[in-house]
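Engineer: Okay, structure incoming, though there's no sequence with it:
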């Protein structure tokens, strides 16, 4: 911590102490009630901090997930609350969340996901382009060494890395065409090989 941070912390601690002292003096006749209210607010504050800290775990528990039926060679993916289908694939041993896009020709990794799976976007030549709903973007072709999706494993999968910002990587038809059946019915996408 720098000297400025230490000074700020001391100042805020002193200010907080003075405010608490003033509040207690002003409310000394009903101190029990004041302490009760303070305890309630402290619990509300701690509860809010806990929810924020555990939000990813809560979201993973509540959000619908893909179901794998390995013996039947089938994966079922539920419709997300935002109207899209999302799937988690392991790319080079790392889990990557994809938005399934049947309107996309290729599979496209975001720069962040490419870095996580061991592909350095800084070493790529972004010489190809893709036309998206947000306009034309530059892409770099890559080959994914290993792609695992449920019981299915593929090697040497062609994909692209997007040079622009993307929230989620896209799983396009270049990968989805590896399946014998792709069906969307009753809020579920079914993939079979």
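Structural biologist: Yep, it's here. Predicted model only: the values in this text are computed from it and were never measured.
Engineer: how about the closest residue to residue 111 other than its chain neighbours, phi and psi?
Structural biologist: Counting by CB to CB, 6 or more residues apart in numbering, residue 111 lies nearest to residue 121, which is 4.6 Å off, once chain neighbours are set aside. For every residue, glycine as well, the C-beta is placed using N, CA and C. When quoted as degrees, to the nearest 10, the phi and psi of residue 121 stand at phi -60, psi -20.
Engineer: ok, residue 121 - contacts?
Structural biologist: Counting by CB atoms under 8 Å, 6 or more residues apart in numbering, residue 121 touches 111, 114-115, 140, 161, 163.
Engineer: All the helices of the protein, in order from the start?
Structural biologist: For the chain, helices defined by DSSP state H occupy the ranges 3-26, 31-53, 55-62, 111-116, 173-176.
Engineer: Those: lowest mean pLDDT?
Structural biologist: For the helices of the chain, the bottom mean pLDDT is recorded on helix 55-62, which sits at a mean of 63.
Engineer: Can you give me the neighbour number for residue 174?
Structural biologist: Other residues within reach of residue 174, judged by other CB atoms under 10 Å, total 16.
Engineer: measure it to residue 153 for me?
Structural biologist: Separation of residue 174 from residue 153 (CB to CB, to the nearest Å): 17 Å.
Engineer: one step back: would you turn the helices of the chain into a markdown table with distance to residue 186?
Structural biologist: Shown next, in a markdown table, are those (distance: least, CB to CB, whole Å):
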| stretch | distance to residue 186 |
| --- | --- |
| helix 3-26 | 55 |
| helix 31-53 | 32 |
| helix 55-62 | 20 |
| helix 111-116 | 30 |
| helix 173-176 | 19 |
